[in-house]
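Peer 1: turn this into a model:
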Amino acid sequence: MNTLRERPQWVIVIAFVLGFAIGLFAFGWGITPVQYTGAGPQDLLPRYQQTYLRTLADLYAFDGNQERVRAALQIWPEADLAACGMAAASADVADATRLRALTTILNGVGCDAAAAGVVPGAEPAAQAEDEGGGSALLLICGLFALLAALVGGILYVVQRQGTASAPQVSGGGYGATGEMPGAAPRVEVDDEAMEATPVARFRTTYNRGHDTYDDSFSIENANGEFLGECGVGISEAIGAGSPRNVTALEVWLFDKNDIRTVTKVLMSDHAFFDEALKAKLAPKGEPVLARGGETVVLETASLIINANLVDMGYHDDEGLPEDSVFDRVTVELSAWAKEGDFGGPDVAGRVDE
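Peer 2: Residues are numbered from 1 along each chain as shown. Okay, here's the model as predicted:
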């Protein structure tokens, strides 16, 4: 109490700090917190905006419903710019094509004629993660920095009033001007990153008449260490006679660090929409509709395979359903080795985008 009587300026400081704490933490965050309503996809973090647009682009590529695309993005005016930025930054040709198709639906001119601008979806993944995850921390630090500046200003004014006849202080503290030096910004780096160059790349082609088609490849790193195997083979044929009428191929990945082989079945248009045939092939692996330019992803504990359908065509036969038998299919397999502590895939081998 004697200290407070001798230095009344501290009473002002303590009262200000208590009032600020009660107003911010008790009322602002506890009793009457701010509530947000009516948020749309444009209010999401950049990485979730990317996921939203890619999911919508994949859905449109599957069913071609333009009205659903416009309805899903009608409250996001800059969605076309975001999709264009993602397409420009994507290394996957099929992914970029789907995003450009989405842009054409939204603005009618596509990415080439769209106006240039800053696109949130094109931010690097690590930077987007850092900005989104550190926003709350930066807000709290900013509030406390503002509080410290106000407290310092009050102390300076009170001290100047109490020592009006004393000479100005030229050293120590914040200096003669009473200004605080600015704090250097803090930068964090995402330490979970994979190398951009695949450890191996293979190309294989199935042609009608190759009834024993079954290509496999050994995956090795730069030091020659065996990592696993991958390949493409015939999964199912329809009808009778020779050559075989192949309607489905299977892409598989074996990882020496995993207990199972991941398989996905590339099905013709007829096979994919034939429920009986689809159910028959379900035990072999996840069904995928084969389309030129598409990329199928297989993931195990320590490997990732991108199977890109570079080229494909159907065989025309009056005795067989339309688009049911492959005439040719060319698949390019790109293999990446994971680095660091990565969680394993789920039981179906799907990748969490």
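Peer 1: in the chain, which residue is most central in space?
Peer 2: Arg47 (5.1 Å; C-alpha atoms, centre = their mean).
Peer 1: quick check: next helix or strand after the strand or helix carrying it?
Peer 2: Arg47 belongs to helix 46-63 when assigned by DSSP states H and E. Under the assignment DSSP H and E, the closest C-terminal helix or strand after helix 46-63 is helix 66-72.
Peer 1: tell me what that next one is packed against?
Peer 2: The elements that helix 66-72 packs onto, with contact taken as 3 or more C-beta pairs under 8 Å, 6 or more residues apart in numbering; DSSP states H and E, are helix 46-63, helix 93-107. Heads up, the C-betas are built off the backbone N, CA and C, glycines and all.
Peer 1: need these in CSV with mean pLDDT and distance to Gly85, can you?
Peer 2: Shown next, in CSV, are the helices and strands packed on helix 66-72 (pLDDT from 0 to 100; distance: least, C-beta to C-beta, whole Å):
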stretch, mean pLDDT, distance to Gly85
helix 46-63, 85, 10
helix 93-107, 83, 9
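Peer 1: closest to Leu155 out of the ones you listed?
Peer 2: In terms of C-beta to C-beta, the element of these nearest to Leu155 is helix 46-63, at 41.5 Å.
Peer 1: export that closest one as CSV, just CAs?
Peer 2: These are the backbone C-alpha positions of helix 46-63, laid out as CSV (Å, rounded to 0.1, in the frame of the first residue of the first chain):
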residue,chain,number,x,y,z
PRO,A,46,-6.3,-21.7,-48.7
ARG,A,47,-5.6,-25.4,-48.4
TYR,A,48,-9.3,-26.1,-47.8
GLN,A,49,-10.2,-23.9,-50.7
GLN,A,50,-8.0,-26.0,-52.9
THR,A,51,-9.7,-29.2,-51.6
TYR,A,52,-13.1,-27.7,-52.2
LEU,A,53,-12.3,-26.7,-55.8
ARG,A,54,-10.6,-30.0,-56.7
THR,A,55,-13.5,-32.0,-55.3
LEU,A,56,-15.9,-30.0,-57.4
ALA,A,57,-13.7,-30.3,-60.5
ASP,A,58,-13.6,-34.1,-60.0
LEU,A,59,-17.4,-34.2,-59.6
TYR,A,60,-17.9,-32.2,-62.8
ALA,A,61,-15.5,-34.4,-64.7
PHE,A,62,-17.5,-37.4,-63.6
ASP,A,63,-21.1,-36.2,-64.2
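Peer 1: counting by contacts, list what that helix packs against.
Peer 2: Using 3+ C-beta pairs under 8 Å, 6+ apart: helix 46-63 touches helix 66-72, helix 79-89, helix 93-107, helix 125-133.
Peer 1: out of these, deepest packed?
Peer 2: Ranked by mean neighbour count, the helices and strands packed on helix 46-63 are led by helix 79-89 with a mean of 24 (mean count of other C-beta atoms under 10 Å).
Peer 1: who are the packing partners of that helix?
Peer 2: Identification of packing neighbours for helix 79-89 by 3+ C-beta pairs under 8 Å, 6+ apart yields helix 46-63, helix 93-107.
Peer 1: run the angle between the longest one and helix 93-107 for me.
Peer 2: Here helix 46-63 runs at 90 degrees with respect to helix 93-107, directions being taken by axes from the mean of the first three to the mean of the last three C-alpha atoms, to 10 degrees.
Peer 1: picking up where we left off before, adding distance to Asn245, write the helices and strands packed on helix 66-72 out as JSON lines.
Peer 2: Formatted as JSON lines, these follow (distance: least, C-beta to C-beta, whole Å):
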{"stretch": "helix 46-63", "distance to Asn245": "25"}
{"stretch": "helix 93-107", "distance to Asn245": "27"}
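Peer 1: and the residue nearest to Lys284 when sequence neighbours are not counted, what is it in contact with?
Peer 2: Computed as C-beta to C-beta, 6 or more residues apart in numbering, the closest residue to Lys284 that is not its neighbour in sequence is Val265, at 5.5 Å. Applying C-beta atoms under 8 Å, 6 or more residues apart in numbering, we find Val265 in contact with Ser235, Glu236, Ala248, Leu249, Glu250, Val251, Leu281, Lys284, Gly285, Glu286, Pro287, Val288.
Peer 1: go on, His315?
Peer 2: Contacts of His315 by C-beta under 8 Å, 6+ apart are Arg208, Asn245, Val325, Phe326, Asp327.
Peer 1: if we go to 10 Å?
Peer 2: Applying C-beta atoms under 10 Å, 6 or more residues apart in numbering, we find His315 in contact with Arg208, Gly209, Pro243, Asn245, Val246, Ser268, Asp323, Ser324, Val325, Phe326, Asp327, Arg328.
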